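**Q** The following block contains a protein sequence and its predicted model.
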Protein chains: 2
Amino acid sequence: MQQNYEACLGVLKQQFGERFEASEAMRRHHVNSTTWLEAQLPDCVVFPHDTGEVASVLKTCNAYGVPVIPFGAGTSVEGHVNAPRGGVSMDFSKMANILEIVPEDLIAVVQPGVTRKRLNEELRATGLHFPIDPGADASIGGMVSTRASGTNAVRYGTMAENVLALECVLANGEIIRTGTRAKKSSAGYDLTRLLVGSEGTLAAITEITVKLHGIPEHIVAGVATFPSIEAACNAVISCVQCGLNVGRLELLDTAQISACNRYSKLDLTEAPTLFFEFAGMEDAVKAEFKVFRELLDDAGAKDIKAASNADEIGRLWKARHDAYWAAVAAMPGKSGHTTDACVPISHLAESIKAAQNDLAELGLPGTIVGHVGDGNFHVLIGIDPLDPDETAKAHKLLEQISERAIKVGGTCTGEHGIGQGKRETLLLQSGNAVNVMAAIKQSLDPKAIMNPGKVLPDSF
Amino acid sequence: MQQNYEACLGVLKQQFGERFEASEAMRRHHVNSTTWLEAQLPDCVVFPHDTGEVASVLKTCNAYGVPVIPFGAGTSVEGHVNAPRGGVSMDFSKMANILEIVPEDLIAVVQPGVTRKRLNEELRATGLHFPIDPGADASIGGMVSTRASGTNAVRYGTMAENVLALECVLANGEIIRTGTRAKKSSAGYDLTRLLVGSEGTLAAITEITVKLHGIPEHIVAGVATFPSIEAACNAVISCVQCGLNVGRLELLDTAQISACNRYSKLDLTEAPTLFFEFAGMEDAVKAEFKVFRELLDDAGAKDIKAASNADEIGRLWKARHDAYWAAVAAMPGKSGHTTDACVPISHLAESIKAAQNDLAELGLPGTIVGHVGDGNFHVLIGIDPLDPDETAKAHKLLEQISERAIKVGGTCTGEHGIGQGKRETLLLQSGNAVNVMAAIKQSLDPKAIMNPGKVLPDSF
């Protein structure tokens, strides 16, 4: 270990005592397990109690030029918590207080270690919820960092639309506050949205003010089967164009439905399938669903099933809920990895079909699940990480999906972030705008201690 | 004129020929008329035809250290187009092409000089519209710059939520592209949202990709009178908390209603009045309005009138549409100026009442209009700009409104921006986060040629 690292860790150990850990087990626990990227361990883990301690860690690490990697729940999939240059993993699990809930203003103020499920449990009595749902029980700090979204984004937007204000600590230890509790503001540069999605590379988030939403009084949800991906996507386009207030709109391809039938012992028709949900006031939901039902018919949907009680909805949506595990189970001996692209909706069908062709051509097993109301889709592929040929094929698939998405005006990541693996793709997508990102990074973190090796390519 | 300015203008004159203007009339036409801030004329005005010419102007001005002030339609109210250090007003009226409309993806790509009304005329045949409506027929480039919103923001969000991608030119003449056509993206820092609301101080916007929305098939709109501001605000809070999909929700105070009665020859009850609109599919609108009607009753509303045909809605909303002119007419001999604050909705009633008390104590005539669904309100005051006593009182009013908004967690501007007048208030509101704004400004515009004297206080 370099001398400056040793000195830095000495200072932190002194300060944090039992909340400083350097065992290999603990360090290994703090790197990414849901990516094919190689694990790169930090040199230690610290568990700050409050913003002052976060500032103190950053001041120390900045003085010694030692990297700091903010760690939430470790559920990100693009290597965000890896430590390619070693350094300090800053674990926010001891900063997990819900600081304030203001039902009349529909806001909650939380520390970064609070998970979305914890917040929603806490909110139960208020009739409100925090709907952003990336699947995993991510920490809200981590969700800020990756600009997370998920199944509910088609209705409620992503973290970019649901974070009102932040407290965070800059590389030099300075504590700043961005945003306000007002629903909108034109006061100066939008630092909140600059920090949302910055993947811990600009600042460490220490407090988050999020928007809350009323829990809908009535839900109609269900499934519909389509003769083709195009037909399913046409239904999605019609729904979006009509401005229907859809709550969720998810597509599973034939391979995924087959996997679900086997895993969850279902007998769904093995064809492209849309899972939908409408939520709100009962009469409004009924009115919206009536129109949606017509759109489904027009698009050639079959086996349309819908329900409005929770048990029945749970049964209809079971395949969607278990999709990830079903896909993994369908690829025994393989490790499941998920890609992430988002395209303008008119290009969705062709993008999904091209990805299916890629899978067939490369001979990789894979299934497709999409938050299609937003044009976002994931290909889950199974690879043997020890087989260099499969890994190479998987990389090729990833590249092709990203490049095609970029070519049609889309993005190489709708919700997972750039992390380590997509940094060169970011350059392809954003061109010389990456210079501007690098200039901002340089101005806020001149020693490049904040989560280095993420977002920006190494050449920056 | 300084030597570098003369040399710079010589180069631009050479390049732009008839599209370079330095007459006093033309220069005066390019500074702000709807603010009490003193007019500060640029040294010349240029009219670029395309992005290449914008880049060329910036390269030249950057080389000579001469300010550039982007100019759209000149409808901003905080001195954004003033030229405190002289320099070049860059008028985008010749970059006013609608470049592309993609109905199936609900997007349009426009040049910055396109006004929102022009775009909506062009969209008429598509069944889509661009709903962001700041009142004036602002240019879309200008709306990007001030992070504009208006009456429709409660439903559709502000420019921050409705701009997907930008092309812009940096101070050094480099052209960058930010964002994509996908509905969401987690790819790198959100430069689009950093630039939206940056008031021309970071880059000149040359192309904008905006979201479009379906024109609702059915509208129910109307008015309701309340015994007090609190009662009206309680109705607003209930509406927001229920998650009703309200289209517009506007509050006019008693003084404003009186002014409207006189100006538009109406006989509205002179009391705090809510103007509301629900829009969408007919059955959904009816369902939502039914609940809203109950909320109005619960909040003690009287004289509730609603309609669903365009003529009748126009009649009911006439007072709202004419509010600005009615207020100006009610203050003969005075010049009308509008403040802008936005607060968490639970603090709206107290904030509006405190502003009314300020008016009474200071002896200033004024009326209040609010986009209250967002907690945003404006006090329109009449002052004689030549009377230093009245101007001082108006400044005091402005300060008090801003300070109170900040104290309750709100913002000193919901939609007008910081411009020249609120730079010190920004410091009060954002504290040392302004250092971060200044660092970003410095990294992108080291010679400070982009719209200097706006957003950041002079001490930065």
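**A** Right, received. Where do you want to start?
**Q** Touching, A:I176 and A:T192? I think so.
**A** No: using CB atoms under 8 Å as the test, A:I176 is too far from A:T192 to be in contact (10.7 Å). All C-beta atoms are positioned from the backbone trio N, CA, C, and that covers glycine.
**Q** So between the two, which is more surrounded?
**A** More crowded of A:I176 and A:T192, by other CB atoms under 10 Å in any protein chain shown: A:T192, with 25 against 20.
**Q** my guess is the more buried one meets A:A165, correct?
**A** Yes: at 6.3 Å, A:T192 counts as touching A:A165 under the criterion of CB under 8 Å.
**Q** what sits in contact with each of the two?
**A** Common neighbours of A:T192 and A:A165 (criterion: CB atoms under 8 Å, 6 or more residues apart in numbering or on different chains): A:T178, A:G179.
**Q** quick one, helices of the stretch 201-350 of chain A?
**A** Secondary structure of the stretch 201-350 of chain A (DSSP state H, counting those that start in this stretch): helices at A:229-241, A:254-264, A:282-298, A:310-316, A:318-321, A:323-329, A:348-362.
**Q** how about the second one: buried residues?
**A** When burial is assessed from 16 or more other CB atoms under 10 Å in any protein chain shown, helix A:254-264 yields the following buried residues: A:T254, A:A255, A:Q256, A:I257, A:S258, A:A259, A:C260, A:N261, A:Y263, A:S264.
**Q** so which one among these has the lowest pLDDT?
**A** Lowest in pLDDT among the buried residues of helix A:254-264 is A:S264, which has 93.
**Q** roughly how far apart are the residue nearest to that residue when sequence neighbours are not counted and chain B?
**A** Leaving aside its sequence neighbours, A:S264 sits nearest to A:D322 (CB to CB, 6 or more residues apart in numbering or on different chains; 5.0 Å). For A:D322, the distance to chain B (CB to the nearest CB, to the nearest Å) stands at 25 Å.
**Q** any idea how far A:H337 is from A:D322?
**A** 18 Å (CB to CB, to the nearest Å).
**Q** any weak-confidence spans in the stretch 301-450 of chain A?
**A** Along the stretch 301-450 of chain A, segments meeting pLDDT under 70 are nowhere present.
**Q** List the contacts of A:N62.
**A** A:A171, A:N172, A:G173, A:K447, A:I449.
**Q** give me every residue that touches the residue nearest to A:A39 when sequence neighbours are not counted.
**A** The spatially closest residue to A:A39, leaving aside those adjacent along the chain, is A:V31, at 4.4 Å (CB to CB, 6+ apart). Residues in contact with A:V31 (CB under 8 Å, 6+ apart) are A:A39, A:Q40, A:L41, A:P42, A:G74, A:V81, A:N82, A:A83.
**Q** Buried ones among the residues you listed?
**A** Buried among those by 16+ other CB under 10 Å: A:Q40, A:L41, A:P42, A:G74, A:V81, A:N82, A:A83.
**Q** Switch these over to CSV; also include pLDDT.
**A** Output for the buried ones among the contacts of A:V31, formatted as CSV (pLDDT from 0 to 100):
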residue, pLDDT
A:Q40, 96
A:L41, 97
A:P42, 98
A:G74, 93
A:V81, 96
A:N82, 96
A:A83, 97
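**Q** and of those, the nearest to chain B?
**A** A:V81 (15.7 Å; CB to the nearest CB).
**Q** Report the contact partners of that closest one.
**A** Neighbours of A:V81 in contact, by CB under 8 Å, 6+ apart: A:H30, A:V31, A:N32, A:I69, A:F71, A:G74, A:S89.
**Q** 10 Å - rerun?
**A** By CB atoms under 10 Å, 6 or more residues apart in numbering or on different chains, the residues touching A:V81 are A:30-33, A:35, A:39-40, A:42, A:69-75, A:89, A:91, A:142, A:145, A:199-200, A:419-420, A:451, A:454.
**Q** ok, and does the longest helix along chain A reach over to chain B?
**A** Among the segments of chain A that qualify as a helix by DSSP state H, the longest is helix A:388-407. Yes: Helix A:388-407 reaches chain B (CB under 10 Å from any CB of the partner chain) through A:S402, A:A405, A:I406.
**Q** which residues are in contact with the very next helix or strand once past that helix?
**A** Following helix A:388-407 in sequence order, the next helix or strand is helix A:423-430 (DSSP states H and E). With contact meaning CB under 10 Å, 6+ apart, helix A:423-430 is reached by A:78-79, A:398-399, A:401-403, A:405-407, A:410-413, A:418, A:422, A:433-437, A:453-460, B:176-180, B:185, B:187-189, B:191.
**Q** thinking again about what came up before, which of the helices of the stretch 201-350 of chain A sits most buried?
**A** helix A:229-241 (a mean of 23; mean count of other CB atoms under 10 Å in any protein chain shown).
**Q** Now do the SS call for the residue nearest to A:A39.
**A** Of the three states, A:V31 takes coil under DSSP: H, G, I helix; E, B strand; the rest coil.
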